[in-house]
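**Student:** Fold the following, please.
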Amino acid sequence: MRFLSRMLRHKSVEQLQSEAGQRGDFRRVLGLWQLTAIGIGGIIGVGIFVLAGQQAAANAGPAVALSFLIAGAGSACAALCYAEFAGLIPVTGSAYTYGYAVLGEFVAWIIGWDLLLEYALVVAVVAIGWSGYVQVLLASAGVHLPEWAQQSMSAQTMHYYLQQLFGVHGTAVAAPSDGHRFNVIAAGVSLAVALLLTVRMEWGARFNTAIVAIKVLGVLLVIGVGAFFIHSANWQPFIPTRTFDAQGVGHFGWAGVLTGASVVFFAVFGYDTLTTAAEEAKHPQRDLPRAVLLSLAVAMVLYIAVSLVLTGITHYSNLSGDASVSQAFEAIGLHWVSIAIAVAAVVGVTSVLFAFMLGAARIWFALARDGLLPAWFAKVSPRFGTPARPTLILGVFTAVVAGLLPIGEVAELVNIGTLSAFIIICTAVLVLRIRKPQLPRSFRMPWIAVLAPLGVAFSLLLIFGVPWLDANGWQRIGGLPAITFERFVIWMALGCLIYFGYGIRHSKLDGERL
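**Tutor:** Predicted structure coming up:
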């Protein structure tokens, strides 16, 4: 029983609120608009420049706008929960800290450990994609990197070198035929963002706000210019008839709209990263809830507007490329708009790197400050007032991952952590409202008895998929691939070893009255 009670111990909300008012680990320099910019920067990325067009071409047609609307509704349930918690417990750590206050230490550790890897991998994935955009622009200017520095090794090349290092197990892999070895640009931008986050937070926040402004202007350019070239005939039919390809996979119809929603959902979160900066906000209890809801609202309006414009200026079947927005404007002869969008995409995607690197470093700092990881990681830079140690380590880690691994290998573990955090948050906010309804809340989630369980259900559906009866029988719509669950279990097993080997014995709550 003693062992179980140690796993379930938690800090009271009152204790966390008291500590938040007394702590001076960070400098409070972030206002509402800088917090909102972090949220918008985390949400709007490749989703608006790539996914909108790709999902229109593959699954939803013009109804990709409905896919974003459905995904946004599900994300809004979690956003409302984050908003209530952010106003109630304005402490660095986001979902980890909220779980610690309501569900206990072990659950909090699991979600913190999970998000630590998740946010770091998001940085690596986005850095790899960003590198591709930059190299396209460089090539258009006649600049080409050496072949070895253009991309990471392929999975086959990596397998070959592992066999050479550890011996052949199974069928021998042929020697690599290409010269790709290390993605220099992806690694470089990961290190650069880490260095930016190491210096004064207000410098990084100003840079990020400027980058987000450029990105939003690029999106508004798409909407403003594209609106004059819309042909309503391209929206007919708005929901294309359900079809099946040669492999029997269904596309379009309402099932396609739901499939599209499950894919674009991963482009409508990121606001959670701004809550990790709670102790750097000037007025956290007032501004954090507003920033969470404002950033999601702005992002959703832009996503839906861009979806309608894209499918209005060209037929949805022409939007399958990796740069679908630029290609759509090229197709109607607006080359200058295409170039401007490409530049805005390259510049703007750096804000995603900023948001998720910031989130990962703050969660690592919170874990260490609570004693679940060594206290060495919880030392704030005396010169800059930032968690420099975990930030720089994350910079090196993400640079190595982005430089060496193919994007497919890295992306397979992304998303399950955020969805797990959404389940924890939506559950915890309801439990706390029932357990302590008298607590003063700067923001109270409306219809909590409906929306919180709906947020849990939506996250579970996105993890495991939705059963759907088609002409070809029952299919699973959406859901994460099996390899994601396998690697998730491995990471969680490693996390349990660290917690039971170190964290449970060094927790700051060890020895306190439970």
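
**Student:** Can you pull the poorly scored residue ranges out of the stretch 251-400 of the chain?
**Tutor:** For the stretch 251-400 of the chain, applying pLDDT under 70 flags the ranges 321-324.

**Student:** how about the strands in it?
**Tutor:** In the stretch 251-400 of the chain, no strands are defined using DSSP state E, counting those that start in this stretch.

**Student:** can you check the stretch 101-250 of the chain too?
**Tutor:** Secondary structure of the stretch 101-250 of the chain (DSSP E, counting those that start in this stretch): strands located at 243-244, 250-251.

**Student:** Switch the ones you listed over to JSON lines; also include distance to P387 and mean neighbour count.
**Tutor:** Glycine gets a C-beta too; all of them are placed from N, C-alpha and C. Putting the strands of the stretch 101-250 of the chain into JSON lines (distance: least, C-beta to C-beta, whole Å; neighbours: other C-beta atoms under 10 Å) gives the following:
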{"stretch": "strand 243-244", "distance to P387": "51", "mean neighbour count": "12"}
{"stretch": "strand 250-251", "distance to P387": "46", "mean neighbour count": "19"}
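
**Student:** now those as CSV including distance to V193?
**Tutor:** Shown next, in CSV, are the strands of the stretch 101-250 of the chain (distance: least, C-beta to C-beta, whole Å):
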stretch, distance to V193
strand 243-244, 42
strand 250-251, 37
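
**Student:** A strand includes S442, no?
**Tutor:** No: read with DSSP: H, G, I helix; E, B strand; the rest coil, S442 is coil and lies in no strand.

**Student:** quick one: it and T36, what's the gap?
**Tutor:** Remark: distance between S442 and T36 (C-beta to C-beta, to the nearest Å) = 16 Å.

**Student:** about what we covered before: tell me which of the strands of the stretch 101-250 of the chain sits nearest to A86.
**Tutor:** strand 250-251 (39.3 Å; C-beta to C-beta).

**Student:** Parallel or antiparallel, which strands does the closest one pair with?
**Tutor:** strand 243-244 (antiparallel) (DSSP bridges).

**Student:** What's the mean pLDDT across the strand it pairs with?
**Tutor:** Mean pLDDT, computed over strand 243-244, is 79.

**Student:** same question, stretch 136-144
**Tutor:** The model assigns stretch 136-144 a mean pLDDT of 75.

**Student:** What lies in contact with it?
**Tutor:** For stretch 136-144, contacts defined as C-beta atoms under 8 Å, 6 or more residues apart in numbering pick out 145, 323, 342-343, 346.

**Student:** ok, now with 10 Å
**Tutor:** 135, 145, 150, 185, 322-323, 326, 339, 342-343, 345-346 (C-beta atoms under 10 Å, 6 or more residues apart in numbering).

**Student:** now, which of those sits nearest F207?
**Tutor:** Closest approach to F207 among the contacts of stretch 136-144 (C-beta to C-beta): V346, at 15.2 Å.

**Student:** And for the closest one, the neighbour number?
**Tutor:** The tally of other residues near V346 (other C-beta atoms under 10 Å) stands at 20.
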